[in-house]
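Student: Give the three-dimensional model of this entry:
(one chain, ligands or ions: 3)
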Amino acid sequence: MTKTLAVNAGSSSLKWQLYEMPEEKVIAKGIFERIGLKDSIVTVKYNGNEDTKTLDVNDHNQAVNILLEDLKAFGIVQDFSEITGVGHRVVAGGELFKESTRVNAEVLAQIESLSVLAPLHNPANAAGIKAFLELLPDATAVAVFDTAFHTSMPEKAYRYPIPAKYYEEYNVRKYGAHGTSHMYVAGEAAKVLGKPLEELKLITAHIGNGVSLTAVDGGKSVDTSMGFTPLGGVMMGTRAGEMDPSVIPYLISETDLESAQDVIDMMNKKSGLSGVSEVSSDMRDIQAAKEEGNEKAKLAFDMFVDRIQKYIGQYLAVLNGADAIIFTAGVGENARHVRTAIIEGMSWFGMEIDQTKNVRGNFGVISTAESKVKVLVIPTDEELVIARDVERLKD
Ligand SMILES: Nc1ncnc2c1ncn2[C@@H]1O[C@H](COP(=O)(O)OP(=O)(O)O)[C@@H](O)[C@H]1O
Ligand SMILES: CC(=O)OP(=O)(O)O
Ligand SMILES: [Mg+2]
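Tutor: Residues are numbered from 1 along each chain as shown. Ligands and ions are numbered 1, 2, ... in the order given. Down below sits the predicted model:
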């Protein structure tokens, strides 16, 4: 029996699952939520038990240390050497990595060098890889890239309309992210719909703290909302998404923001739901504030929904129609009010939610029988894809 650990560091979370492979049996799993915010939630599930604690987890390094302590403290592993494979989510692979790759010191350095393409993620991903390489030097270590699934995009979709030399000499293009999730939920949706993936046109909406939408044609990504970095596309928990770049020099000249980097940091870390609401980046806090009549939280919610609807509209055009829209990730899986708001405003396209099915914990089709475009909720499982790639790439 070999134990494989899958580590998925997101911008606000760290999710992990320990598997017995190749059986794909989950031995234990856990999640750190609200990393960097007050009252982070740390959950560990093992052997039918669930342990939840609330503490302030400031960054992903601290989360990895707590994870290692917990694996021992709960008796999930007696000795770390039981873990023979570790798979890591890495957000940006750039032009260097187009598929999952075994990690050594050189690959780790390359992942760190790609941090400009995912400043909120690659440094945390690299820190996780480093911690486990030191702890388990003999385990098979694999990096699974968010960008890999999007390498099928046609050039007309991934190029930016700026002079060609910036692509040809500097690799400035759209890379996208969340690919492992978009790929997984597209495959699961095909099973639910009972049709071959090759025959389906799907719009996958990964709505977590980071948010991206993808147009999936016959199982291949043909366009996606995130860009050169995960700042692109729709509004997110702390990220602005797309906006007119002319704002950057204007803010540098008129405010205390001193450099382009200062403005980008503001757009990455202080914008989105958090910046507009002045309440929180967390959708649960936004919902609660909205219910108490907070106008800024209501505006933030409405803007969030508006941006997602516009991308669904774009991808209906890119695909020339769609068989289904799939909601996934923290918000997409749990927040039925968000799903309702998005789909209610798009009834002209022939989408209609069945509210008796739109309840938390109910997965699969949530649209009415008449709905021309089906609406699905599919829980993502990036960790399973990661564990499978470790198994595939081990000696
Ligand atoms: N029950 C819930 N209702 C509404 N939103 C939820 C719920 N549970 C989680 N979320 C939201 O999911 C988001 C985090 O999503 P997740 O996919 O875990 O993030 P990450 O991008 O860090 O991987 C947060 O905004 C959180 O509020
Ligand atoms: C790429 C990205 O935004 O990831 P996450 O949603 O996990 O922060
Ligand atoms: Mg995530």
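
Student: What residues does the chain have near ligand 2?
Tutor: Listed as neighbours of ligand 2 in the chain under the rule Cβ under 6 Å from any ligand atom: 10-11, 91, 121, 146, 177-178, 208-210, 230. The C-beta positions use only the backbone N, C-alpha and C, and glycine is treated the same way.

Student: if you set the cut-off to 8 Å instead, what comes out?
Tutor: Contact residues, the chain versus ligand 2 (Cβ under 8 Å from any ligand atom): 8-13, 89, 91, 118, 120-121, 146, 177-178, 206, 208-212, 226, 230, 236-237, 239, 329.

Student: near ligand 3, from these?
Tutor: With the criterion set as Cβ under 5 Å from the ion, the members of these near ligand 3 are 10, 208.

Student: quick one, what contacts the residue in the stretch 201-350 of the chain positioned nearest to ligand 2?
Tutor: Relative to ligand 2, the nearest point of the stretch 201-350 of the chain is residue 210 (2.0 Å; Cβ to the nearest ligand atom). If a contact means Cβ atoms under 8 Å, 6 or more residues apart in numbering, then residue 210 has 10-11, 177-178, 226, 230, 236-237, 239 as its contacts.

Student: And the residues you listed, which is closest to ligand 3?
Tutor: Proximity of these to ligand 3 (Cβ to the ion) peaks at residue 10, which lies at 3.3 Å.

Student: For the closest one, grab the count of nearby residues.
Tutor: 25 (other Cβ atoms under 10 Å).

Student: so how far is residue 12 from the residue of the stretch 201-350 of the chain closest to ligand 2?
Tutor: 8 Å (Cβ to Cβ, to the nearest Å).

Student: do residue 317 as well
Tutor: According to Cβ to Cβ, residue 317 stands 31 Å off from residue 12.

Student: More neighbours: which of those two?
Tutor: More crowded of residue 317 and residue 12, by other Cβ under 10 Å: residue 12, with 21 against 11.

Student: The more buried one belongs to a strand?
Tutor: No. Counting by DSSP: H, G, I helix; E, B strand; the rest coil, residue 12 is not found in a strand; it is coil.

Student: Give me the nearest residue to it, chain neighbours excluded.
Tutor: residue 209 (3.9 Å; Cβ to Cβ, 6 or more residues apart in numbering).

Student: Give me the secondary structure label for that neighbour.
Tutor: Look at residue 209: counting by three-state DSSP, its state is coil.

Student: Per-residue confidence at it, what does it come out as?
Tutor: In this model, residue 209 is scored at 94, pLDDT.

Student: can you pull the contacts of it?
Tutor: Each residue near residue 209 by Cβ under 8 Å, 6+ apart is listed here: 10-13, 236-238, 281-282, 330.

Student: Also residue 330?
Tutor: By Cβ under 8 Å, 6+ apart, the contact set of residue 330 is 13, 207-209, 283.

Student: how many neighbours does the closest residue to ligand 1 within the stretch 151-300 of the chain have?
Tutor: Residue of the stretch 151-300 of the chain nearest ligand 1, by Cβ to the nearest ligand atom: residue 208 (2.4 Å). Residue 208 has 22 neighbouring residues, counting by other Cβ under 10 Å.

Student: what does the stretch 101-250 of the chain have sitting close to ligand 1?
Tutor: So the stretch 101-250 of the chain meets ligand 1 at 206-210, 237 (Cβ under 8 Å from any ligand atom).

Student: of those, closest to ligand 3?
Tutor: Relative to ligand 3, and with distances defined as Cβ to the ion, the nearest of these is residue 208, at 4.4 Å.

Student: Could you verify my assumption that that closest one touches residue 10?
Tutor: Yes. The pair formed by residue 208 and residue 10 meets the contact definition of Cβ atoms under 8 Å, at 6.4 Å.

Student: Residue 269 and residue 36 touch, don't they?
Tutor: No. Contact criterion Cβ under 8 Å: residue 269 and residue 36 do not qualify, at 9.1 Å.

Student: Break the protein down into its structural domains.
Tutor: 2-145, 195-377 (automatic domain parsing).

Student: Return the member of those domains having the minimum mean pLDDT.
Tutor: Among the domains of the chain, domain 2-145 carries the lowest mean pLDDT, at a mean of 94.

Student: for stretch 119-133, which positions count as buried?
Tutor: With burial defined by 16 or more other Cβ atoms under 10 Å, the residues of stretch 119-133 counted as buried are 119-133.

Student: before we move on, what about stretch 90-102?
Tutor: Across stretch 90-102, burial judged by 16+ other Cβ under 10 Å covers 90-94, 96-97, 100-101.

Student: CA atoms of it as CSV?
Tutor: Provided in CSV are the C-alpha atoms of stretch 90-102 (Å, rounded to 0.1, in the frame of the first residue of the first chain):
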residue,chain,number,x,y,z
VAL,A,90,1.1,24.8,-9.1
VAL,A,91,-0.9,27.7,-10.7
ALA,A,92,1.5,29.0,-13.4
GLY,A,93,3.5,26.7,-15.7
GLY,A,94,4.1,29.5,-18.3
GLU,A,95,5.7,28.3,-21.5
LEU,A,96,8.0,26.0,-19.5
PHE,A,97,5.5,23.4,-18.3
LYS,A,98,2.6,22.1,-20.5
GLU,A,99,2.0,19.0,-18.4
SER,A,100,2.4,17.5,-15.0
THR,A,101,6.1,17.1,-14.1
ARG,A,102,8.3,15.3,-11.6
